[in-house]
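>>> I need the structure of the sequence given here:
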Amino acid sequence: MFPATHDCMIDEMIHGYGVRPSRYRLPEATHLGRVTLQVANLERSVEWYQTVLGLRVLERSAAAASLAPHGDSPPLVDLHEKHGVRAVPRRGLLGLYHYALLVPDRAALGRFISHLAALGMQAGMSDHLVSEAVYLSDPDGLGIEIYADRPRTSWRHIDRQLTMATNPLDVRSVVAEAGGMPWTGMPAGTVVGHMHLYVGDIERSAAFYHDAIGFDKIVWNYPGALFMSAGGYHHHLGTNTWAAQSPPASADDALLLEWEIVVPLASDVVAVQASLDAAHVVVAPNARGIVVRDPWGTAVRIRSGA
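Numbering: from 1, shown residues only. Just a heads-up that it's a prediction; the model follows:
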């Protein structure tokens, strides 16, 4: 779908894989920031995020809450209440497929799986070769992945594509890694590892996120999906067309309000804006970086970590 043999698209990357954008390229140190969600009932959601995910409340008002892992970790998830919004339908809506929280190690993932079992909760589980993952949905049907990475030295690539798959998870092995230690909440060091979005068209998603914003393509032959990243990561962003016949999420739905791409310096934000301007993408600057919307209305903020 996206040939890796086009000379102007290939970069001799130190990672040995991936296809760089033809114009601007995000810095190697790019990572993701917080995720902002619209939910129907704040009390219900806060209780679920505390009990199931083990996040702690940093700030709370009548209609919003900021949640973080334990320790001195910054907030990862902001919840905004809007009464009466519809839960995400089973078929999905264009916008959020899932956001993913990356725990520090495999032992933490094992403790989390044991915790879910103690709660009697069902979850999807997969081995992606580069990572091991657990999937669940919050009370509004918003998708969440909790995962641990395998060491980069174990990642493999063929013809400049990183090798990823969706295989059954060896649950016993992951749980054994925890050594019988109990889950005590989302551990310090947990971060937003990646975002995965439903989109209407893969080529348009590549034009926006790869060509205009500047992610490298990492996997482009996965059926109906494209995975992109900065710095050789397996993916900071996945886009897929598995709900392409659905409408975009609206203001009357539980939805992803915004997600963040964090670049190292303010000058990097300026460079991203210049690339977006060149691609004729409407950019909204504000005190916290810039905000743009992809072709299906999903808002992404680009800000500096400085």
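>>> you'd agree Val283 is up against Gln273?
Yes - if you go by Cβ atoms under 8 Å, Val283 and Gln273 touch, sitting 5.5 Å apart. No exception for glycine: its C-beta is placed from N, CA and C like everyone else's.
>>> list residues touching both of these two?
Ile290 (Cβ atoms under 8 Å, 6 or more residues apart in numbering).
>>> In terms of helices and strands, where is the spatially closest residue to Ala100 that is not a sequence neighbour?
What sits nearest to Ala100 in space, not counting adjacent residues and going by Cβ to Cβ, 6 or more residues apart in numbering, is Glu145, at 3.8 Å. Using DSSP states H and E, the element containing Glu145 is strand 143-149.
>>> partner strands of that strand, parallel or antiparallel?
The pairing partners recorded for strand 143-149 under DSSP bridges are strand 95-102 (parallel), strand 131-137 (antiparallel).
>>> Now do the first one: everything it contacts.
Contacts of strand 95-102 with the rest of the structure, by Cβ under 8 Å, 6+ apart, involve 35, 37, 53, 76, 88, 133, 135, 142-149, 186, 190-198, 238, 240, 242-243, 248-249, 255-256, 259, 296-298.
>>> repeat that for 7 Å
Contacts of strand 95-102 with the rest of the structure, by Cβ atoms under 7 Å, 6 or more residues apart in numbering, involve 35, 76, 135, 142-147, 149, 190-198, 240, 248-249, 255-256, 259, 296, 298.
>>> Off-centre distance for that strand?
4 Å (Cα atoms, centre = their mean, to the nearest Å).
>>> cool, and stretch 230-246?
With Cα atoms, centre = their mean, you get 8 Å for stretch 230-246.
>>> For that stretch, C-alpha coordinates in PDB please.
Provided in PDB are the C-alpha atoms of stretch 230-246 (Å, rounded to 0.1, in the frame of the first residue of the first chain):
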ATOM      1  CA  ALA A 230       9.200   9.000  15.900                       C
ATOM      2  CA  GLY A 231      12.600   7.900  17.100                       C
ATOM      3  CA  GLY A 232      12.200   4.300  15.800                       C
ATOM      4  CA  TYR A 233       9.500   3.400  18.300                       C
ATOM      5  CA  HIS A 234       7.200   0.600  17.200                       C
ATOM      6  CA  HIS A 235       4.300   3.100  17.000                       C
ATOM      7  CA  HIS A 236       3.200   6.300  18.700                       C
ATOM      8  CA  LEU A 237       0.200   6.200  16.400                       C
ATOM      9  CA  GLY A 238      -1.900   3.600  14.700                       C
ATOM     10  CA  THR A 239      -4.700   4.300  12.200                       C
ATOM     11  CA  ASN A 240      -7.100   1.800  10.900                       C
ATOM     12  CA  THR A 241     -10.200   1.600   8.600                       C
ATOM     13  CA  TRP A 242     -11.900  -1.100  10.600                       C
ATOM     14  CA  ALA A 243     -14.900   1.200  11.300                       C
ATOM     15  CA  ALA A 244     -14.700   3.200   8.000                       C
ATOM     16  CA  GLN A 245     -18.400   2.900   7.400                       C
ATOM     17  CA  SER A 246     -19.200   4.500  10.700                       C
END
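>>> who does the helix or strand bottoming out on mean pLDDT in the chain pair up with?
Least confident element among the helices and strands of the chain, by mean pLDDT, DSSP states H and E: strand 284-286 (a mean of 89). Applying DSSP bridges, strand 284-286 is found paired with strand 289-293 (antiparallel).
>>> Could you check how many residues crowd around the nearest residue to Asp201 once chain neighbours are set aside?
Closest residue to Asp201 apart from its sequence neighbours, by Cβ to Cβ, 6+ apart: Thr241 at 6.7 Å. By other Cβ atoms under 10 Å, 17 other residues sit near Thr241.
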